[in-house]
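Participant: have a look; sequence and predicted model below, questions after that.
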Amino acid sequence: MEMKSKTLLILYATQTGNALDVAERIAREAERRACTVVIRSTDDYDANSLPAEDTVIFVVSTTGQGDTPDSMKVFWRFLLQRNIGSHWLEGIHYAVFGLGDSGYQKYNFVAKKLDKRLSDLGATAVVEKGLGDDQHPSGYEAALDPWLSSLWSRLNEIKPHFFPKGPDFLVSNEELIGLPKFQVTYHNVDDIDSRLSTATDFKYLQMQIGRARSMSSGKVPHEKCKPDAFLKMVKNFPLTRASHEKDVRHFEFEFVSQVIKYEIGDVLEVLPSQSPAAVDSFIQRCNLDPESLITVHPREMENRHIDNNVNTLDVPIKLRTFVELTMDVTSASPRRYFFEVMSFFATAEHEKERLQYFASPEGRDDLYQYNQKERRTVLEVLEDFPSVQMPFEWFVQLAPPLKNRAFSISSSPLAHPTQVHLTVDVVSWTTPFKRKRQGLCSTWLASLDPEQSIYIPVWFHKGLLPPPPPSLPLIVIGPGTGCAPFRGFVEERAVQSQSENDGVLSEAKGGGFYAAFSRDQPQKVYVQHKMQEQSERIWNLLCEGAAIYVAGSSTKMPSDVMVAFEEIISKESGAPRESAVRWLRSLEKAGKYHVEAWS
Amino acid sequence: MDLRSERSTALVVTDDASYARNALDAIWSSENEDQKRLDPLIIFQTSSLARLPLQSSYVDQVIFFTRSVEFPVDELYAEIFRVMTPGGKLVVYRSFQIEISEVETALSALERKLLLAGFLEGERFQLKKIAHTVGIKAKKPSWKIGSSFAIKKTVKSPLKIQMDDDSDLIDEDSLLTEEDLKKPQLPTVGDCEVGSTRKACKNCTCGRAEQEEKVQKLELSADQLNNPQSACGNCGLGDAFRCSTCPYKGLPPFKLGEKVSLSGNFLAADM
């Protein structure tokens, strides 16, 4: 009889961190039941080892276009191999929880496909797949809570060996939270070779950011955390008429560090700056000294990255700098576990009760109203619960990480070799409680003055819109800020064809430029309506072998556009709708239909 | 079939044997094909043929001769597609005893059919040696399933996987059932503060969000702001403790009796 692992394995595939949160919650609940558990990301696990496991819990997110998260691509490809055989996972038990958004056409496709594939490979499901839905009034937790309780109850029945202390055993609340994941070490000023320069020298800034973000992630070495480059703003002007409704800006940036070679269709990630007053306020509220020098390490030795260069011990940085660069205190909302831990550190009884309520399944909906829907920030939560004094280490673990914001680049490096342009919607909205909020990064960028020479840390990476060959005919659909990457496409074509701008979009040559102004008339006119008006032109281009690119910020637009193409093809070719649908699908498979959608 | 790599296989399909014989020679010399290298299979009398008795991805070239407009039938195009190797060539020749104007319509219709069957790079041409004959060449695409890009935010892959090309993978869409494609039923929101009417989406682009904003303004009187009182005692504690109908909802915490400040929010937009 084979000795199978007595450790429950949780594999997660996260894009924005939600799946990781869920995985961590499942792990905590397992530990409460005295069950030994291990969590790994799918890009940190060799799929060849699956048959040696006993029971695996999968937590997987589905991205907007129905795709697996980046960290799951290799793992998933492995599972799709034809020659694996239907007995490979025989004897293995599994359960799948998916995170998705039913506003999208391909809702939770990753979880659905994974669940089926695992079963096809011979594995046995412990419980039916759980599907978390962002559209639900209380988010994915609405599906997670009942799924988890049926999971534990079923596991107790069929795998009692996971629960050596019995099915009813639960660790008591007081012992529950254990130790924070990180430890913070304070250093004396004299101890270290302190580079306390406040110079705006960008190399120093690059090192600082690298160090801070590496410490905060615990895993990624600081070489990879450093920004690829620094930019400074040289132009900032609105593309929309002044009003309270919409504020879309055109930004032009120059490289101040070395020039990075990018391509059209690439994505620029920006690390936003937080309000200095807010950061100060947070530090003060926590009774910390902003000037203290700290290093931050994961508590568990096995989670530390082994630096190849032994000499690079983490150099201490100022506490204030660490908070400013890695902990989001004014924009993102904390998660449920934050409230749970806070309850342990509340000295006022009514606060403790309220926090415990928010962290419970009964309080989930109310927490959602108060926190997620309001985009409540860490600072605001602290303001509402003044008796809570939580150690800094817990904040390091539980405050939302300050995230980069990604934008499609709107310039072509052929046209602007030392510049990067962006087209940015300055986000603002009103919450259900009528509070006015603004987007952190877009507001910050909009506030920058080219005279100031502020350095902006950025990273470059590929998006979903690969640069087309210079002579390929194109049909590009980009409503709203979706036009951004295509401005780059047009600029590049103009340079490549050396035809000045009036060649690339020329109607005489079969092309054209058509804009849908949705609110200029009583009925809505969207891009799909304009497409219908030009159906013959579109069909001619398709017959010439044109590729299709779609970009923009909406859940429905990409599918509306696809439907419009189906209708156009069906109408112009005389073929039935199903043929048109199949044809478009083959176009996708041939790599000639690309969509980049953001929300 | 070990010699396949040295010879390319061709399939000739026609509904007129005598015509085909003459045309074949002309075509091959115009294409500069070495006759000995080709290994043609010839299928005659195919006026109503809808299936080809060959395995998939078998022939590199398919050549059609036809006189009639109805031939080949649409299903035959799908069959041809199936038996061709990826990257293979298809040539369709039509001989016409009809008006030039009708040639144009016939050819356009043919081009569309080819396109819909999945062939790419359709090109028209004419054969000089045979009168009244026009043709269309096309290719079956050599498909790449999915595209991949290097992502700079590197994904660590310590996996030792033998992964060849994409044809080794199953089609992942086949894993979905009809049920999977349906959207879930969401519960209707029943909370009193929101109300039963539909609200604007969070990324609203149609203008509804702005309309809603204009309609609802802060309903507190000056007195309530200057000298706030609370019967339940919770109003001053902050949103975490307020009732759903509390008039002070949305405001930061305050002390009873002291003037309420409207914005203590670092990210508040200027009103």
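Facilitator: Right, received. Where do you want to start?

Participant: pLDDT weak spots in the stretch 101-250 of chain B?
Facilitator: Residue ranges of the stretch 101-250 of chain B with pLDDT under 70: B:101-103, B:126-133, B:142-167, B:188-220.

Participant: which parts of it are strands?
Facilitator: Secondary structure of the stretch 101-250 of chain B (DSSP state E, counting those that start in this stretch): strands located at B:120-126, B:133-139.

Participant: so what are the domain limits for the chain?
Facilitator: Went with chain A since none was named. A:8-173, A:182-398, A:474-597 (the TED database).

Participant: wrong chain, I was asking about chain B
Facilitator: B:9-140, B:211-259.

Participant: return the set of buried residues in the longest strand anywhere in chain B.
Facilitator: Scanning chain B for the longest strand, with DSSP state E as the assignment, gives strand B:84-95. Buried positions in strand B:84-95, judged by neighbour count with 16 or more other C-beta atoms under 10 Å in any protein chain shown: B:84-85, B:88-95. C-beta here means a position set from N, CA and C on the backbone, and glycine is covered the same way.

Participant: pLDDT and distance to residue A:533 for those - can I get that in CSV?
Facilitator: Formatted as CSV, the buried residues of strand B:84-95 follow (pLDDT from 0 to 100; distance: C-beta to C-beta, whole Å):
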residue, pLDDT, distance to residue A:533
B:84, 79, 37
B:85, 77, 41
B:88, 78, 38
B:89, 79, 37
B:90, 81, 34
B:91, 79, 37
B:92, 79, 33
B:93, 74, 38
B:94, 71, 34
B:95, 68, 40
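
Participant: output those in TSV; the columns should cover distance to chain A.
Facilitator: Listed next are those as TSV, based on distance: C-beta to the nearest C-beta, whole Å:
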residue	distance to chain A
B:84	14
B:85	16
B:88	15
B:89	16
B:90	16
B:91	18
B:92	16
B:93	21
B:94	19
B:95	24
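
Participant: on that earlier part again, for the longest strand of chain B, packing partners?
Facilitator: Contact analysis of strand B:84-95 by 3 or more C-beta pairs under 8 Å, 6 or more residues apart in numbering or on different chains; DSSP states H and E lists helix B:17-31, strand B:59-66, helix B:100-117, strand B:133-139 as its packing neighbours.

Participant: now the last one against helix B:100-117, angle please.
Facilitator: In terms of direction (axes from the mean of the first three to the mean of the last three C-alpha atoms, to 10 degrees), strand B:133-139 departs from helix B:100-117 by 20 degrees.

Participant: given strand B:133-139, what are its sheet partners and their directions?
Facilitator: Sheet pairing for strand B:133-139, assigned by DSSP bridges, gives strand B:84-95 (antiparallel), strand B:120-126 (antiparallel).

Participant: go through the ones you listed and name the closest to residue A:118.
Facilitator: Closest to residue A:118 of the strands paired with strand B:133-139 is strand B:84-95 (C-beta to C-beta; 31.0 Å).

Participant: ranges for the helices of the stretch 151-300 of chain A?
Facilitator: Ranges of helices in the stretch 151-300 of chain A, per DSSP state H, counting those that start in this stretch, are A:173-176, A:202-217, A:222-225, A:276-285.

Participant: who does the nearest residue to residue B:135 once chain neighbours are set aside bridge with?
Facilitator: Distances taken as C-beta to C-beta, 6 or more residues apart in numbering or on different chains place residue B:93 nearest to residue B:135, at 4.3 Å, with adjacent residues excluded. In this entry, residue B:93 is beta-bridged to residue B:65, residue B:135, by DSSP bridges.

Participant: list the buried residues for stretch A:65-78?
Facilitator: So stretch A:65-78, judged by 16+ other C-beta under 10 Å, has buried residues A:66-78.

Participant: and chain B, which of the residues you listed contact it?
Facilitator: Among these, the ones lying near chain B by C-beta under 8 Å from any C-beta of the partner chain are A:70-71, A:73-75, A:77-78.

Participant: remind me which residues of the stretch 151-300 of chain A are low pLDDT?
Facilitator: Residues of the stretch 151-300 of chain A that meet the cut-off, pLDDT under 70, sit at A:173-176, A:190-200, A:218-219, A:244.

Participant: residues in it within reach of chain B, list them.
Facilitator: By C-beta under 8 Å from any C-beta, the part of the stretch 151-300 of chain A that sits against chain B consists of A:224, A:228, A:244-245, A:275, A:277-278, A:281.

Participant: closest to residue A:574 out of the residues you listed?
Facilitator: residue A:245 (43.7 Å).

Participant: any idea how far residue A:426 is from the closest one?
Facilitator: Separation of residue A:245 from residue A:426 (C-beta to C-beta, to the nearest Å): 11 Å.

Participant: do the same with residue A:77
Facilitator: Distance of residue A:77 to residue A:426, computed by C-beta to C-beta: 39 Å.

Participant: count the neighbours of the nearest residue to residue A:346 once chain neighbours are set aside for me.
Facilitator: Nearest non-adjacent residue to residue A:346, counting by C-beta to C-beta, 6+ apart: residue A:352, 4.1 Å away. Using other C-beta atoms under 10 Å in any protein chain shown, residue A:352 is surrounded by 18 other residues.
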